[in-house]
Structure formats: C-alpha cells, structure tokens
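Enquirer: let me see the structure of the following:
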Amino acid sequence: MLQLFALLTAALVSRPASIPPVESPVAIVGGTLITGLDDTQIRESAVIFENGRIIYAGKLAGAPIPQNAQIVDAKNRWLIPGLIDMHVHLDEVITPEMFLKFGVTSVRDVGSRLVTIQRWRAKHSVPHIFWMGRNIDEGTPSWWGAVAVKGPAQVPGLLDDMVNQGVDGVKLYVNAGPDVARSVIEQAHERGMPVTAHPGKTSPKRLSEDGIDNIEHVSQLFLDLCDASTSVNPGYFAGYKRAAETDLYGPRTKALVATLNANHTAITPTLTVSIMPLDKNETRRYAGWTSVPPRWRNEWKRSYWDFISTKGWTTKQMLAADSACSNYRKLVTLLYRAGVPLIAGTDTPAPNVLPGAGLLVELELMGECGIPPVELIRSATSRAASILRREDDVGAIAAGRCADILVLTADPTKDIKNLHKIERTYHDGHRVKR
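Expert: Next up is the predicted model:
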C-alpha cells in the first residue's frame, strides 16, 4: 500500500505545473494544393490543421474552417508536403537545423549512434527522425558505424536488441552475405520493419528477389551489371570504374531492371554523393539561391572525408568518373521508365551535400534523368513515407497526417527548381523561422 502511495505521489509531483494551452487551428486558404499522393492539383484550396495534425485538406468551398482559426492567405501560392530525405547520417551533421530551412521536415538516418538520435530528437528545431539503427554487417564490421553478426543464427537477437533501442527499420551493409541478408529481411518483416541495403557481398538482384524494400545508391546496382573482375576491385574509384565500363543496354541490365520492377524494390539513387564530390566548384549547384557556410567548407577539408575524395586522381580517372556519372543518370532513366519506384535521398553530409539544400539538388539531378516534377515531389513525399511504413504520419497533405507543409511562391510542377522559393514552412503545425 505504501509503495502504491509513493508511486501516485511521484506521478503527481512529476506533472507540469500548468497544462500548455491548446493551439488555435490554422487555415491556409486560396492556394493550389499538391497533396503529394497523385497528380491532382486543387485550386482554391483550404488546409486546416490543429495541434500538429491536418484535419482538412481540399476545396475551399465548403471547408469546415473553425471560427477561431488563424487565416493564412495563400492566393497565388502552392502548397506541398514537407520533404523527406531518405539517406542521412546525423552522426556527421553539424547543423541539423538547416534541414527545416530548406523544407526537409523528415529524415531517415541510416547508421548513426543511438546517442546522436536521442540528442537530436530532444530538440524542436530538427525534422522528424526515422532511424534505421546501426548498419548490419557479417563477420567484421566494414566501418565504425556498423555492427556485425557471425551468421543467420545471430540475426533474431540483434534485431530484438535494435527494436528495444527504438529503430524504425534496419539497413544491411556491404559485408552481409546472402544468407544473413535473407535472414535480416525475413526477421525484420516479421517485426513489421522495412529493410534497406548498401549492397556488397549480396547482389542487388538477389536482395530484390529476397523481398528487400529498398536499395541505396544507383552506383551499387552496377555490381550486377559489370564483369566480376571489375566488381571486386577495392577503393572509392572502383565504383566509378564499374559504371564507366558497363554496357547499360545488355541483358544483365534488362534482367536487373525487370527483377526490381517485379518485386517493387525501391531505389534511392543518391546522385548527389556520386556527382557533387567531383565538382571542383562546390558552389555551382547552390548559386543564386543559397551558399555554402564557411563551417561546412572547413568540415569537408578534414581528412575524415578522404575515403570519398578525388585527391590524387589522374586525368584519366576523372574522365572515367565523368563517364560513370553519365551512366548513373542513364540507369536512373531506365529505372523510371520501367516503373521501378524511386525515392529521394542524398547521403548528407557527404562533401558538397548540404543538409536540406542537398535534397533539392538531388531532385534536380533526378529531373535531369527525365523524371517529371510531380514524380520528383512524390519521390520525396508520399512514396518515401510508404517505404518508411509511415503513411499515416508524413508524406502528404491529407487529414490525419502531420502538419508538415511548404508554401511556395512558384509552381513546383512546372520547374522543380521552384522548390527554392519557399515562403513558409510548417513543421508539426509550427511555423519555422527561416
């Protein structure tokens, strides 16, 4: 009895001194609504949200606008969902508040430490964080951000530990062989979690056949498309060499694309991390709409980033890398035309890839592959949310979802670069100071 009294007393003491006031509803009216779910555009729309959740999104005529709502006039404006960056490493991000500045209201972290996730989730100036836990290797961890199992028998215990840590999914890494990869996919799906992978010892085609949800980096798809002698060459340049020497119009490519399509395996191209490190003028992609802060210029000069550096490359190697980047774009085009799901991610903060701004560049690079703007928007909103298995929370302007909304001064379906023209950002229903 005394224990029960103590518990009740502690509960009462731990309550806040006052209950926070209920937030007044907000109604954004008169704009063109792009829900992120399909091609539909609703002109003269209304979006109403309260306490961080959307309660109405549709035509302004007949909209149930509460009498006490704050009215935001969005005439001659466009509304889209907050963007989702599906490939981020928060362990290396020194300015996470920049994501919201550029309209990125959610990120999927693919490998950071639990302490980092806890630290950033405790702040209010950062996006929603969906954490895939530490990368899963086999035998020996391939880098400091990975954990390793000895074989499939250890997979259930590892995944149970990761679930207890609060992961939103898991990511396979380069040293995971076929048996471990299959076990991770099966065990994660049994626990209701999505799986992505940076392929290495298990081929992308095999991962797709085993039911994986997502594969990272279009560059890694070339493991299935090149000669075996090329695929095993180590080092950063090896990936470019593979892609430069690959015939994209042969039977291997057709077989891989058909498999990815048949199994609905989503691909995160991460063109930014492949293309931008080669650009000697790192400000070129940001010219006219933002700039690279000195803090990031200095960060990318650290020796830590040498593992994805072109320092010491010969002219021949640089030319091969340029050819590889051309093939990366061509393969993304083939994937899109075949109906393979594409989602937007950046590998932020790789050299020259700014938090938030890098996702807008990624969408532009994907657009250079022939993907229309409305599809690009979906790749960073509703389709990304589907891969996260968070369709009830993020990725669309729809009743019940988080009030993550961008108000633009130009039509992003005409030109994806109009995503630069953000007038207002709402994150969880709060207007972000820009």
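Enquirer: only C-alpha atoms for contact and neighbour calcs from this point on.
Expert: Noted.
Enquirer: what's the longest helix in this structure?
Expert: In the chain, taking DSSP state H as the definition, the longest helix is helix 315-338.
Enquirer: and Ala384, that's in a helix?
Expert: Yes. Assessed by DSSP: H, G, I helix; E, B strand; the rest coil, Ala384 belongs to a helix.
Enquirer: what's around Ala69, how many residues?
Expert: Ala69 sits with 16 neighbouring residues when counted by other Cα atoms under 10 Å.
Enquirer: can you pull the contacts of it?
Expert: For Ala69, the contacting residues are 24-27, by Cα atoms under 8 Å, 6 or more residues apart in numbering.
Enquirer: which of the residues you listed are buried? Put it as a PyMOL command.
Expert: Here is the PyMOL command that selects only those of the contacts of Ala69 that count as buried (16 or more other Cα atoms under 10 Å):
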select buried, resi 25+26+27
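Enquirer: quick one, what contacts the residue nearest the centre of the chain?
Expert: Computing the C-alpha centroid of the chain and ranking residues by Cα atoms, centre = their mean puts Met86 first, at 1.1 Å. Contacts for Met86 (Cα under 8 Å, 6+ apart) come out as 107-109, 268, 343-346, 380, 384.
Enquirer: same question for Arg434.
Expert: Applying Cα under 8 Å, 6+ apart, the residues near Arg434 are Lys101.
Enquirer: for the residue nearest to the centre of the chain, phi and psi?
Expert: Here is the backbone geometry of Met86 (degrees, to the nearest 10): phi -90, psi 10.
Enquirer: what separation do you get for it and Glu186?
Expert: Noted for Met86: a distance of 22 Å to Glu186, by Cα to Cα, to the nearest Å.
Enquirer: do Met366 as well
Expert: In this view, Met366 and Glu186 are 31 Å apart by Cα to Cα.
Enquirer: who's more crowded, these two?
Expert: Between Met366 and Glu186, Met366 has the larger neighbour count (other Cα under 10 Å), namely 27 against 19.
Enquirer: would that one count as being in a helix?
Expert: Yes. Checked against three-state DSSP, Met366 lies within a helix.
Enquirer: what ranges in the protein fall below the confidence cut-off?
Expert: 1-22, 228-234, 280, 282-283 (pLDDT under 70).
Enquirer: let's see it at 90
Expert: Within the chain, the stretches with pLDDT under 90 are 1-24, 39, 122-125, 143-145, 226-239, 247, 276-285, 287-288, 306-312, 433-434.
Enquirer: what's the domain layout of it?
Expert: What automatic domain parsing lists as the domains of the chain is 23-80+398-431, 83-132+217-388.
Enquirer: can I get those in CSV with distance to Glu138?
Expert: Converted to CSV, the domains of the chain look like this (distance: least, Cα to Cα, whole Å):
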stretch, distance to Glu138
domain 23-80+398-431, 37
domain 83-132+217-388, 15
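Enquirer: surely Leu260 and Arg206 touch.
Expert: No. Leu260 is beyond contact range of Arg206, at 9.9 Å (criterion: Cα atoms under 8 Å).
Enquirer: out of the two, which sits in the busier spot?
Expert: Shown here are Leu260 and Arg206; by other Cα under 10 Å, Leu260 has more neighbours (27 against 18).
Enquirer: list the contacts of the more buried one.
Expert: Residues in contact with Leu260 (Cα under 8 Å, 6+ apart) are 205, 208, 266, 340.
Enquirer: so which of the residues you listed belong to strands?
Expert: Ala266 (DSSP state E).
Enquirer: list just the nearest of the contacts of Leu260 to Ser303.
Expert: Comparing those against Ser303 with Cα to Cα places Ala266 closest, at 33.1 Å.
Enquirer: who touches stretch 335-352?
Expert: With Cα under 8 Å, 6+ apart as the test, stretch 335-352 has contacts from 84-89, 92-93, 257-258, 260-261, 264-273, 276-277, 282, 300, 305, 353-355, 358-359, 362-363, 371, 376, 379-380, 383-384.
Enquirer: buried residues, it. List them.
Expert: Applying 16+ other Cα under 10 Å to stretch 335-352 flags 335-336, 340-352 as buried.
Enquirer: over to stretch 104-117?
Expert: So, applying 16+ other Cα under 10 Å, buried residues of stretch 104-117: 104-114, 117.
Enquirer: do the same with stretch 304-321
Expert: Within stretch 304-321, the residues scored as buried using 16+ other Cα under 10 Å are 308-309, 320-321.
Enquirer: could I get those residues as JSON lines with distance to Ser219?
Expert: Shown next, in JSON lines, are these (distance: Cα to Cα, whole Å):
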{"residue": "Ile308", "distance to Ser219": "14"}
{"residue": "Ser309", "distance to Ser219": "16"}
{"residue": "Ala320", "distance to Ser219": "14"}
{"residue": "Ala321", "distance to Ser219": "11"}
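Enquirer: show me which of the residues you listed is closest to Leu388.
Expert: Taking Cα to Cα as the measure, Leu388 lies nearest Ile308 of the buried residues of stretch 304-321, at 27.5 Å.
Enquirer: close enough to count as contact, the closest one and Gly235?
Expert: No. In this structure Ile308 lies outside contact range of Gly235 using Cα under 8 Å: 9.1 Å.
Enquirer: ok so, going back, among the domains of the chain, which is nearest His198?
Expert: Among the domains of the chain, domain 83-132+217-388 sits nearest to His198 (Cα to Cα), with 7.1 Å.
Enquirer: what distance separates the start and the end of that closest one?
Expert: For domain 83-132+217-388, the first-to-last residue distance is 13 Å (Cα to Cα).
Enquirer: need the contacts of Met86 in JSON lines with secondary structure and distance to Ala410, can you?
Expert: Shown next, in JSON lines, are the contacts of Met86 (DSSP: H, G, I helix; E, B strand; the rest coil; distance: Cα to Cα, whole Å):
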{"residue": "Val107", "secondary structure": "strand", "distance to Ala410": "24"}
{"residue": "Arg108", "secondary structure": "strand", "distance to Ala410": "27"}
{"residue": "Asp109", "secondary structure": "strand", "distance to Ala410": "30"}
{"residue": "Thr268", "secondary structure": "strand", "distance to Ala410": "27"}
{"residue": "Ile343", "secondary structure": "coil", "distance to Ala410": "23"}
{"residue": "Ala344", "secondary structure": "coil", "distance to Ala410": "21"}
{"residue": "Gly345", "secondary structure": "coil", "distance to Ala410": "23"}
{"residue": "Thr346", "secondary structure": "coil", "distance to Ala410": "24"}
{"residue": "Ala380", "secondary structure": "coil", "distance to Ala410": "18"}
{"residue": "Ala384", "secondary structure": "helix", "distance to Ala410": "23"}
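Enquirer: what's the nearest residue to Thr425 if we skip its chain neighbours?
Expert: Leu406 (4.7 Å; Cα to Cα, 6 or more residues apart in numbering).
Enquirer: cool, thanks, signing off.
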